[in-house]
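Visitor: Build the 3D model from these lines:
(chains A and B)
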Amino acid sequence: NAGVTQTPKFQVLKTGQSMTLQCAQDMNHEYMSWYRQDPGMGLRLIHYSVGAGITDQGEVPNGYNVSRSTTEDFPLRLLSAAPSQTSVYFCASSYNGQGNHQPQHFGDGTRLSIL
Amino acid sequence: SQQGEEDPQALSIQEGENATMNCSYKTSINNLQWYRQNSGRGLVHLILIRSNEREKHSGRLRVTLDTSKKSSSLLITASRAADTASYFCATGGNDYKLSFGAGTTVTVRA
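Guide: Below you'll find the model as predicted:
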């Protein structure tokens, strides 16, 4: 099993550009989520999904879109990149819909810099 | 806002010593989880303790939960250089969200 795979690992964007961060899991997990990690602030929840076709906002959703067309994939879209979105982004998954009651499996992150 | 807050922010210990870190939270929870993050990597799940449990063990790890004080502690016994990492607590309530603290950075000196 590959677990949770995030691509790309590193990315540099210019302000105003858009991009999609990819996340895929091969564990048939229902629950998937996106976090951003900034120095001294731990992880903050951006968006989450309890199953295919269902998404909801987390703590810091502004500037980000998600969709969940399959169980395996949960891409995160930056619509118009801003320097404040410079961060490390983590995708996580767990095996049932009440995701916060289960151990999360994390990817290794995407390090994103916005110039 | 973040639910959990770890204390201390940083901890430096000698190999073989025990390391203790604490997590406090503000609202009622269903469960509390501890994670480890090595530099440049994703988080790895260590232990999940439910609100009706008081203590759990996993190898050299011991977690306690006191819901009356809204606090938890993680004890790492007989620390090793490989335990050098950041440790995060995360709380899950009656929604679908997991809320993380800012973490404790542990350095184990040889």
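Visitor: Kindly report the residues of chain B close to chain A.
Guide: B:1-2, B:30-31, B:33, B:35, B:40-45, B:48, B:88, B:90, B:92-93, B:95-103 (C-beta under 8 Å from any C-beta of the partner chain). Where you see a C-beta, it was placed from the backbone N, CA and C, and this is true even at glycine.
Visitor: do that again at 10 Å, thanks
Guide: B:1-6, B:9, B:29-31, B:33, B:35, B:37, B:40-48, B:50, B:86, B:88-103 (C-beta under 10 Å from any C-beta of the partner chain).
Visitor: Show me which of these are buried.
Guide: B:2-6, B:29, B:31, B:33, B:35, B:37, B:42-43, B:45-48, B:86, B:88-93, B:96-103 (16 or more other C-beta atoms under 10 Å in any protein chain shown).
Visitor: Among those, which lie within strands?
Guide: B:5-6, B:31, B:33, B:35, B:37, B:43, B:45-48, B:86, B:88-92, B:98-100 (DSSP state E).
Visitor: list the contacts for residue 67?
Guide: In the absence of a named chain, this looks at chain A. A:20, A:47, A:49, A:52, A:53, A:55, A:73, A:74, A:75, A:76, A:77 (C-beta atoms under 10 Å, 6 or more residues apart in numbering or on different chains).
Visitor: my question was about chain B
Guide: B:25, B:28, B:29, B:32, B:51, B:52, B:53, B:54 are the contacts of residue B:67 under C-beta under 10 Å, 6+ apart.
Visitor: With residue B:94 as the reference, measure out to the fifth one.
Guide: Distance check for residue B:51 against residue B:94: by C-beta to C-beta, to the nearest Å, it reads 10 Å.
Visitor: possible to save the contacts of residue A:67 as TSV with distance to chain B, neighbour count and pLDDT?
Guide: Output for these, formatted as TSV (distance: C-beta to the nearest C-beta, whole Å; neighbours: other C-beta atoms under 10 Å in any protein chain shown; pLDDT from 0 to 100):
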residue	distance to chain B	neighbour count	pLDDT
A:20	19	13	98
A:47	11	23	97
A:49	9	23	94
A:52	15	16	93
A:53	15	11	94
A:55	11	18	96
A:73	18	14	98
A:74	14	29	98
A:75	17	16	98
A:76	15	21	98
A:77	20	14	98
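Visitor: Select from those every entry located in strands.
Guide: Filtering these for strands - DSSP E - leaves A:20, A:47, A:49, A:55, A:76, A:77.
Visitor: Residue A:8: which of those is nearest?
Guide: residue A:20 (10.1 Å; C-beta to C-beta).
Visitor: Quick check: which ranges of chain A have low pLDDT?
Guide: For chain A, the stretches flagged by pLDDT under 70 are A:1, A:97-100.
Visitor: what ranges do the strands span in it?
Guide: Using DSSP E, strands in chain A cover A:4-7, A:10-13, A:19-25, A:31-37, A:43-51, A:54-57, A:64-66, A:76-78, A:87-94, A:105-106, A:110-114.
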